[in-house]
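In: Got a predicted structure plus its sequence, pasted below:
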Amino acid sequence: MESNFDYTFGDRQPGGAYANANAGASKVALSASVAPPRPAHDNTRIYQHWFAFRAGIGKMTKNHLIDDLGFTPEQIFHMSEKEAAQYIRAKNMDEFIASQNLELTKRDLEWLDRNGKEQNIRVIFDTDEDYPMRLQAIPDRPFGLYVKGRLPEDDLPSIAMVGARDATPYGIEAAKYFSRELAEMGVQIISGLARGIDSCSHKGALQCPYGSTFAVLGSGIDVVYPRTNRYIYDQMAEQGGVISEYLPGTQPLRYNFPNRNRIISGLSDGVFIIEARKKSGTMITADQATEQGKDVFCLPGRYYDSLNFGCMDLINNGAKLVYEPRQIFDEIGAGEQLSLALSQVRSASELGPALPPDSPESYLLKFLSNEPHDIDYLVAKSHMSVTQVLTTLTNLEILGIAMTQDRRHFSIKTR
């Protein structure tokens, strides 16, 4: 059965990924044992899909072959065992050789043809224009992702929120509160859909009518784990997105989760940890964030609670102690980042309707007019807190969209 999937792709080649075949070959073809570059295949995306999801190669080997040696996925697919032995470990060779078959990849793409549009699922590769810029910067980026819904915006701030699955009532309430407040400030919330802190972080963001939250799964894009989070998964596909580097149908195996954690931290401007034991997956995420150059934030807990010990260790080793959402907002430069993004949007259009639809500025602007309104009116109409309204109005003033004369009454700025 022939697939109707569109295999064409753009010319973008960011960060050294998939440098042109001739340039790549110049680095490696001098060795007599390496075959010269083969002509590019019309179905390049088939090979990209195979390389991202089917090739029996580890993450770091993939990056070495693509970024350091300049191979393309098609060249890697056609490597003989002798050629591959120069780059792939002997213990992985049988798996790699067995993976050199495009039939399964074509079936994957046929599945996408049948289900993608109906379920709002698509595949992106690291050469695509909408591949997240933050992920391009990490050394072990995923070469392909399944996406349900949309991806985080590159030019809007984002924070990863992770923590214990067996969270305490204190941790659960803190996760909901912080995520809701940050979402109302325009910060995108990234987590993993696991029970406990992860799911509560998603819930809090979803309580904000214009909040955006994104889950990175340790399973296939169509496998909801835990099943009790199905309603969060469905709502998130409408108010954010779900992301996976695993093929559809992949079950949530234990070893998948440390891999997905690097994507959670990779998509964020910082990682916020609420409740963690000294040895846990959350601590792995903190380590990965540090390796990626991201700030780590921790909420202190009760001195006698073992779920506080991981956070206290991180704080002792340089993580930032926080006790209110605004601290995170300021530390990740969200105000400057959001104002710049909105300014760029405004440069293309003279007034606020062109603001990003998920931003608090766009939402609050609906209640502003040429007639001045006081803070109480805006709070009542928008259902935002006084602090949130004032913060958002300040951003609108910076952008030259809103104006005030007495700091109590605000209107759209006339020109």
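Out: In hand now; what should we look at?

In: Can you pull the phi/psi pair for the residue nearest the centre of the chain?
Out: The residue lying closest to the centre of the chain (Cα atoms, centre = their mean) is Leu267, at 3.7 Å. With angles defined as degrees, to the nearest 10, Leu267 shows backbone torsions of phi -80, psi 0.

In: Renumber starting at 11 from here on
Out: Right, with 11 as the first residue, what we last looked at is Leu277.

In: so what's it up against?
Out: Pro142, Arg144, Leu145, Pro162, Ser168, Ala170, Ile200, Phe224, Val226, Ile253 (Cβ atoms under 8 Å, 6 or more residues apart in numbering). Yep, even glycine has a C-beta here, placed from its N, CA and C like the rest.

In: nearest residue to Trp60 other than its sequence neighbours?
Out: Taking Cβ to Cβ, 6 or more residues apart in numbering as the measure, Trp60 lies nearest to Thr115, with 4.4 Å between them; neighbours along the chain are not counted.

In: Return the subset of the contacts of Leu277 lying in helices.
Out: For the contacts of Leu277, membership in helices holds for Arg144, Leu145, with DSSP state H as the criterion.

In: I'd like the contacts of Leu277 laid out as CSV, including distance to Gln337 and pLDDT.
Out: Output for the contacts of Leu277, formatted as CSV (distance: Cβ to Cβ, whole Å; pLDDT from 0 to 100):
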residue, distance to Gln337, pLDDT
Pro142, 25, 97
Arg144, 21, 97
Leu145, 26, 97
Pro162, 21, 95
Ser168, 16, 96
Ala170, 16, 97
Ile200, 18, 98
Phe224, 22, 98
Val226, 24, 98
Ile253, 27, 98
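
In: Looking at the contacts of Leu277, which one is closest to Arg237?
Out: Nearest to Arg237 among those, counting by Cβ to Cβ, is Val226 at 17.9 Å.

In: what's the burial count for the closest residue to Ala329 other than its chain neighbours?
Out: Leaving out its chain neighbours, the residue that sits closest to Ala329 by Cβ to Cβ, 6+ apart is Val306, at 4.2 Å. Taking other Cβ atoms under 10 Å as the neighbour definition, Val306 ends up with a count of 22.

In: residues in contact with Val306?
Out: Val306 neighbours (Cβ under 8 Å, 6+ apart): Gly280, Val281, Ile283, Ala296, Ala299, Thr300, Leu324, Gly328, Ala329, Lys330.

In: so the closest residue to Ser369 other than its chain neighbours, which of the three states?
Out: Closest residue in space to Ser369, ignoring its immediate chain neighbours: Gly196 at 5.1 Å, by Cβ to Cβ, 6+ apart. Using DSSP: H, G, I helix; E, B strand; the rest coil as the criterion, the local structure at Gly196 reads coil.

In: Hmm, Gly196 is touching Leu166, no?
Out: Yes - the pair formed by Gly196 and Leu166 meets the contact definition of Cβ atoms under 8 Å, at 6.5 Å.

In: For the stretch 111-260 of the chain, just list every one of the helices.
Out: Assigned by DSSP state H, counting those that start in this stretch, the helices in the stretch 111-260 of the chain fall at 112-129, 143-146, 179-194, 207-216, 240-248.

In: Give the buried residues for the second one.
Out: Spelled out, it's helix 143-146. Arg144, Leu145 (16 or more other Cβ atoms under 10 Å).

In: tell me what that helix is packed against?
Out: Identification of packing neighbours for helix 143-146 by 3 or more Cβ pairs under 8 Å, 6 or more residues apart in numbering; DSSP states H and E yields helix 266-276.

In: Remind me what the helix it packs on packs against, helices and strands.
Out: On the basis of 3+ Cβ pairs under 8 Å, 6+ apart, helix 266-276 makes packing contacts with helix 143-146, strand 168-173, strand 223-226, helix 291-301.

In: Would you mind saying which of the ones you listed lies nearest Ala344?
Out: When the helices and strands packed on helix 266-276 are compared for distance to Ala344 using Cβ to Cβ, the nearest one is strand 168-173, at 8.2 Å.
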